[in-house]
Structures are given as structure tokens and as C-alpha cells.
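Enquirer: Sequence first, predicted coordinates after that:
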Amino acid sequence: MKVNFSRHAKRRAKLYEIPESTVLDIIAREKLARGKHEIIKHVAGFKYPLKIVVQVEKNYATIITNYPLKKGVKK
């Protein structure tokens, strides 16, 4: 599957120091059908879980945003 990061996603990743490889690893493990998906995963090295919003169309995925989910998370 071909993956593209939106400008917003690139800026959020830079702001929160989230490597693109981490995001790519997370979405590679998911079985994603067409449509919009919200993925929340705990990742080593981050205090909060990461939230990734991705839009999937055919063999093409666009990362809309990615950031640490600070609010509304219970440990």
C-alpha cells in the first residue's frame, strides 16, 4: 500500500517528534479497509498513546494527522 503524509501530519510529527517510521509501522500492522480510520496505540518512548487518523482508498493511504493523545485517556 502506498502511504502519503498530509502537510498537517508532517507538521504534527515534527512538533511532537514522532518518526515517520513509527507511524508506518503502526499502520502496517493494521488491516485497513476503505474509509477513514482512527488508530490509538501505546508506543514505547512516548508518555501518551499516539493517535493516527488515516484515510484509505484502494491501494493508497493518506495520513491525515498524528499526535500524542493527552486528553480522555485512562491508564
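Expert: Yep, it's here. These numbers were taken from a predicted model, which means no experiment stands behind them.
Enquirer: Bridged to the residue most central in space within the chain, which residues?
Expert: Against the mean C-alpha coordinate of the chain, by C-alpha atoms, centre = their mean, the closest residue is residue 52 at 2.7 Å. Partner residues in beta bridges with residue 52, using DSSP bridges, are residue 39, residue 66.
Enquirer: quick one: pLDDT of it?
Expert: At residue 52, the pLDDT value in this model is 97.
Enquirer: Please apply the same query to residue 4.
Expert: Value for residue 4, per-residue pLDDT: 96.
Enquirer: Counting neighbours, what do you get for it?
Expert: As a burial measure, residue 4 scores 10 neighbours (other C-beta atoms under 10 Å). To be clear about C-beta, it is placed using only N, CA and C from the backbone, and glycine gets the same treatment.
Enquirer: Same question for the one 4 residues further on.
Expert: Residues near residue 8, counting by other C-beta under 10 Å, number 13.
Enquirer: And the one 3 residues further on, by the same measure?
Expert: Applying other C-beta under 10 Å, we find 12 residues neighbouring residue 11.
Enquirer: what does residue 71 give?
Expert: 5.
Enquirer: Please tell me how far it sits from residue 58.
Expert: Distance of residue 71 to residue 58, computed by C-beta to C-beta, to the nearest Å: 34 Å.
Enquirer: do the same with residue 39
Expert: Residue 39 sits 19 Å away from residue 58, going by C-beta to C-beta.
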